[in-house]
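**Q** This is a predicted model, with the sequence first.
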Amino acid sequence: MRRHQVLSTVGALATLFVASLASASSHREAPAIATDPAADNTDVWAWVTPGTHSTLHVVAAYNPLEEPSGGPNFHKFSDDVLYAVHIARGDTSLADAVRYEIRFTTSSINYVDPANLTAPVGGGKEFFSQLSGQTQTYTVTRFDANNTPTVVATGVPVAPVNIGPRTNKVAYQTPGGLYNDAYAASFIHNAGPGKEQLWAGPRDDGFYVDLGGVFDLANLRPAGVAQDGVSGFNCHAIALEIPTTLLTESGNAPTPGASDKQTLGVWASASRQKVSVLRHDGTTTTTGPWVQVSRLGLPLVNEALIGLQDKDRYNRSSPADDVTNFGAYFLNPVIVRDADAVGIYQALGAESLVPSLESNRLDIIDAINLKASGHDIPLSATGDVLRVDMGIDSQFPNGRVIGNGTHPNRDQVDVTDALLSLILSKGSVAISDNVNENDKNYLTTFPYLAGPWEGYSQGHGAVAP
Amino acid sequence: MRTFLSAFFLGTTLSIACASTACSSTKAEPPAQAAVSVPAGAAGPAAVDEGSRTDRALALAAVNGTAPIDSMLTVLQSSVAKNPRKADLWIGLGRAWVRKARESSDPGYYAHADACARIALSLEPANRLAVDLQAMVLLNDHKFEAARSLAESITRARPDDPVAYGTLGDALLELGRFEDAVAATQTMVDLKPNLPSYSRASYLAWLQGDTVAAKKMVRLAMDAGGDWRNPEPLAWVLVQAATIFWNEGDYAGADAGFDRALASVGEFPPALVGKARVALATGDAHGAVSLLERAFKASPLAETAWLLGDARAAAGDAKGSEEAYAHVLKEGKRTDGRTLALFLATKGRDADLALRSAEAELHVRGDIYTDDTYAWALYRTGRLAEADKAITHALRLGTKDARLLYHAGAIRFARGNAAEGARLVKQALALNPHFDVVGASEAKALLESVSVAER
Amino acid sequence: MRLSLAPFAALAALSVVLGVSSRADAHAVGLSRGDYALEGDTVSASLTFARGDALVLAPTLDADGDGAISESEVLHGPAALREGVLGRLSVQAGDAPCVPKSVDASLTQGDGITVRGTYQCPSEGPQAKLALGPLFDELPSGHRHMAHLVAADSEVVLFHGSSDVSLGQSASKALASGPARAGALQIFRMGVEHILTGYDHLLFLFGLVLVASRWKSLLPVVTAFTVAHSLTLGVAVLGLWTPPSRVVEPLIALSIAYVGVENLLLKDAGKRWRITFPFGLIHGFGFASALHELALPSRAIPAALLSFNLGVEAGQLMVLALMIPLVAAVRRMRWLEGARARIPSLGVAAVGAVWFVARIV
């Protein structure tokens, strides 16, 4: 035997991995990583009516990049998800001062409620036919600071998906066969005088951003080239209009003027139930407590600040623990280093700024805590929430307004630009993704987000499968 | 003292000799790669350079195709090329390769995913998500013990990583450690109720014979799918749900489910195979043949070839049937010993090879289907007492699977317990009368012989 | 009376690292590699497979049916491999097929087998097209082949569905049977590893250290050895003269036996350099084969030689740093006094003798 082995090319093989045993088992491995669109928060808007500050308008959107022409299982809210809008108040705590929980129910002719343990869960054909769903309604329950529930409304119809003209005529029987703003508005529900207004259904996704540019490591493109990556997509939104008298500590209207005590912290979440894996004897329920699987307060925090390894933890945790869990990400924003690595600062001739931008970014904390408008919120009440001061008019980062901007109702404060400038340059350089307006006009009235794109004529064609 | 020195001497020589001749015990699986602090790429001096070039070539391999996953891969590849030192980007790319592997039914793409994981680890040696990926790749490659060990090391370091618990649960299940698999899966669901965790919970419930809970949980899984840019997970759980109905003999229901899966992902092989089983069960042999030919083209598995052979035989194409069966032998010998063993035992061919293959499988996995295969191979070679023991072990969870019940019935019958045997066989046929072409006819024949004997 | 186990542990740890690293050559069923070069009208291909995959392609290679490929089966393998591997790789220049000419194979470390072949094209052209489809049809599904195109110095991943690649002329670059871009650091590490895995050299050193365990007396001895083996390493690698290994290897064994015997008779360790110099010359030829396998182009050799030699020296120093204190400690413990002092040297001599016999047989 030759003592000197050949340490040659096959060193390469040495590092190569073994693949290719065709998955030989009849039980191929279940998917390991999958998105959950129906429970995926995309955006939260919250602001008070200008001038009067009489109402807090909240819109929570779910189901990102919803393809209008998506069938056969059309996007909708999930019956198995607990949607919630959380409202904290003041500068001492981020606990829910008020919380709205929204549950959806789909009714169909042969529907068998899986929670009904005595009824068999239907034959196979019925099991699968229920997927298309018929009419969906929702219940809104309000919880106060002591977690005491009050049902605000129940059995409220959800605005249906905008499929196409035939559906409008035959299934929905919309006036004039049109799916328009008036039709959508017919689904607004008023809970009563001095009470909330509610709406839920599909909307145009009101965000606008050069997704490709921003998430390609801030590879921002110039105006005219940058594309709105969210253009032409829908979402599903829950919209609430809440009289601010229901949100102040005293129960009176908010006093005019900036004040920490009247500053709310708004965020939205989605939760799914645990299940019990071990066999039970058939009498105990399979489904268990709710586990939060998604949340959102400020725009782009999860996308731009939280590291990949901590996104799950972010989604299941509460803003009250953000400083402990994720303070490092806020103070040392990774995208500064990414932008540096890609050469953005070099291109701007601003490399010398990088050290001061990479770390110790208390200015980011100050910005989200509205320091600029005279607020002084301590770290103990700091977290990823959208701060809305009920005493003054809202303007991002104090609240986030839909519409009322310069391009006729197609923008407000461009949060993408605002955040990029803040994080990448402390606001000293106006950084823009050069996508400055939405692809549709917002509405000037509730529910504010523009109507949904129609599946039949406005789908993405080649893009959609 | 002389003993010490000679021991030292010997020890040194041996350990050095061992290193130089690359001695490796072929039985045990290689140590989990990430457990060594040396990055997996450093197999030798000249090899490091080669290894990383290979990894990059795999990670950045050109993609052809127009599905959303293909454009996503291209976008991720260009991002990574711009900032190659950012481990998260390589992880994202690696995950996309896993999706590509699943959607295209080409497991070779797992090599690309693994290359990404290695690159990420070379940038950040403690990157947990990269190790998650590697464990996933090991699992797909049927290196169950290595996957288990790697996944467990992740959960020890971070007890809140749902993906790691998923891999851990899968590996434990394959290794036959059911209770441990349940615990891992429960933790996964508790951390993150979503399609991956609901799907696993549903399967574990089904294995325990609780079809009601299994259906509820798979419904939750289906509800949590539906991303048009990533349709394969939904297709997968639809097949899972449809299979529950298949196993209870609800052929129309199963078919509806398989159709739904195909609407999500066209030509999805598991759905085509499921539909083909239904077609065979309902007497449409020609339909089954064409479905299976499509499935085999997309994903040439031994099991698919077996069904294709059955379908062709049922359609009167004896020659085509034997060709397909030859594929079963070829693929089975190379990559799927368990299917080979079960095939041979089911058809009553080459009982010795069946037994040897089944025994070899027992070395690396211990789930109930491996027990069942072993039991049936033993049965065919006449070792009934051992067969009985194995099939009892296979049925220990209470799984309502017609094939397992039929095997148990036949074995007990052969051991002289006619009443028990007949009862089990009846149960099997009541559950799913057409569970397998050969098995179902043997089962019927057995019952007939019992009733003849009774007359 | 505690003997420090640290050196032992360190050595053991070192070998574990090396052992693990070789074990980390996972059995790469499913991944293969090829180096392809077009020079003039000849295409040379060097494909490396996991042995399991090779058996799928050329089942008759396994003459004794044991599921493994032995050295002798490889020697008799070319015909089967020509058919099974080269026959499934079609090469075309222009529109004309290139014909497989020569084929040979060798086993590689870590469960691999390399098949080298040349294809003769009818005429010289700017490029050749390789089609590996039939290879993928035969191999288990999902197989990936890393095609390294020497001329372009690029890697292309081939698989079922994307199994063709074009090859351009690589006039100046020879197809290396080894890694073509082994950098200086890699070669240095090769040198280190070579010494650490060369147990005959290590035994030789151990024999030297046994009687001269102080650095001062050891220094000339080891330096002479080093200078000598560097000389002959250079001679061999530069291709000036390479004595056949069936001569060199037994001589190395003899040198070990000699050292063991001389230890028992030695008076003056300091003069030992006179014998270690000639022995060093012999050992140097032994090192050369490793560098040879890299098949480096001649202009790269001096640099490689330097790196390799430095690696060998570094390895040597490492080993001596462990051995010397150990031996000195043992000596202090006085375990090996009187008659017993001869035992280690006897051992060295005995092993050397045994190896000598084994290597001539």
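**A** Arrived safely, thanks for sending.

**Q** Tell me how chain C divides into domains.
**A** Chain C breaks down by automatic domain parsing into domains covering C:6-26+C:198-360, C:31-177.

**Q** Return the member of those domains having the minimum mean pLDDT.
**A** Note on the domains of chain C: domain C:6-26+C:198-360 shows the lowest mean pLDDT, a mean of 73.

**Q** wait, does the longest helix belonging to chain C make contact with chain A?
**A** Longest helix in chain C by number of residues, with DSSP state H as the criterion: helix C:301-333. No. Helix C:301-333 does not reach chain A (CB under 8 Å from any CB of the partner chain); its nearest approach is 11.9 Å. In this view, the C-beta of every residue, glycine as well, is placed from N, C-alpha and C.

**Q** Could you do stretch B:158-166 as well?
**A** Yes. For stretch B:158-166, a contact with chain A is found by CB under 8 Å from any CB, at B:160-163, B:166.

**Q** any chance you could map the helices in the stretch 301-450 of chain B?
**A** In the stretch 301-450 of chain B, the segments counted as helices under DSSP state H, counting those that start in this stretch are B:302-314, B:318-335, B:337-347, B:351-364, B:368-380, B:384-394, B:402-414, B:418-431, B:437-454.

**Q** List of residues touching the first one?
**A** Counting by CB atoms under 8 Å, 6 or more residues apart in numbering or on different chains, helix B:302-314 makes contact with A:24, A:26, B:269, B:273, B:276-277, B:279-280, B:285, B:288-289, B:292-293, B:295-296, B:318, B:320-325, B:327-328, B:331-332, B:335-336, B:339-340, B:343, B:437-438, all of which sit outside it.

**Q** from the chain's centre, how far out does it sit?
**A** Taking CA atoms, centre = their mean, to the nearest Å, one finds the center of helix B:302-314 at 19 Å from the center of the full chain.

**Q** And the third one, by the same measure?
**A** A distance of 16 Å separates the C-alpha centroid of helix B:337-347 from that of its chain, computed with CA atoms, centre = their mean.

**Q** now do the last one
**A** Using CA atoms, centre = their mean, the mean C-alpha position of helix B:437-454 is found 32 Å from that of the whole chain.

**Q** name the helices or strands packed onto it?
**A** helix B:302-314, helix B:337-347, helix B:402-414, helix B:418-431 (3 or more CB pairs under 8 Å, 6 or more residues apart in numbering or on different chains; DSSP states H and E).

**Q** Where does pLDDT dip in chain B?
**A** B:1-48, B:455 (pLDDT under 70).

**Q** Kindly reformat the helices and strands packed on helix B:437-454 as JSON lines containing distance to residue A:242 and mean neighbour count.
**A** JSON lines is the format used below for the helices and strands packed on helix B:437-454 (distance: least, CB to CB, whole Å; neighbours: other CB atoms under 10 Å in any protein chain shown):
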{"stretch": "helix B:302-314", "distance to residue A:242": "57", "mean neighbour count": "24"}
{"stretch": "helix B:337-347", "distance to residue A:242": "60", "mean neighbour count": "26"}
{"stretch": "helix B:402-414", "distance to residue A:242": "57", "mean neighbour count": "24"}
{"stretch": "helix B:418-431", "distance to residue A:242": "55", "mean neighbour count": "18"}
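
**Q** quick one, what contacts residue A:452?
**A** Contacts of residue A:452 (CB under 8 Å, 6+ apart): A:68, A:161-162, A:179, A:201-204, A:234.

**Q** Please name the nearest non-neighbouring residue to it.
**A** Nearest residue to residue A:452 in three dimensions, chain neighbours excluded: residue A:202, at 4.0 Å (CB to CB, 6 or more residues apart in numbering or on different chains).

**Q** which SSE is the one you found in?
**A** Using DSSP states H and E, residue A:202 falls within strand A:197-204.

**Q** which other helices and strands contact that strand?
**A** Secondary-structure packing of strand A:197-204 (3+ CB pairs under 8 Å, 6+ apart): strand A:149-157, strand A:189-190, strand A:234-243.

**Q** isn't there a strand covering residue A:101?
**A** Yes. Under DSSP: H, G, I helix; E, B strand; the rest coil, residue A:101 falls within a strand.

**Q** Now do the same contact list for it.
**A** If you count contacts by CB under 8 Å, 6+ apart, then residue A:101 has A:82-84, A:140-141, A:143, A:149 around it.

**Q** again, only this time at 6 Å
**A** A:84, A:141 (CB atoms under 6 Å, 6 or more residues apart in numbering or on different chains).

**Q** what are the bridge partners for it, then?
**A** residue A:84, residue A:141 (DSSP bridges).

**Q** Report how many residues lie close to the nearest residue to residue B:240 once chain neighbours are set aside.
**A** Nearest-residue entry for residue B:240: residue B:218, 5.6 Å, with adjacent residues in sequence omitted and distances by CB to CB, 6+ apart. If you count neighbours by other CB atoms under 10 Å in any protein chain shown, residue B:218 ends up with 27.

**Q** Residue B:218 belongs to a helix?
**A** Yes. Judged by three-state DSSP, residue B:218 forms part of a helix.

**Q** if I look at it, how far off is chain C?
**A** According to CB to the nearest CB, to the nearest Å, residue B:218 and chain C sit 28 Å apart.

**Q** now do residue A:188
**A** Taken as CB to the nearest CB, the span from residue A:188 to chain C is 54 Å.

**Q** ok, that residue - contacts?
**A** Contacts for residue A:188 (CB under 6 Å, 6+ apart) come out as residue A:199.
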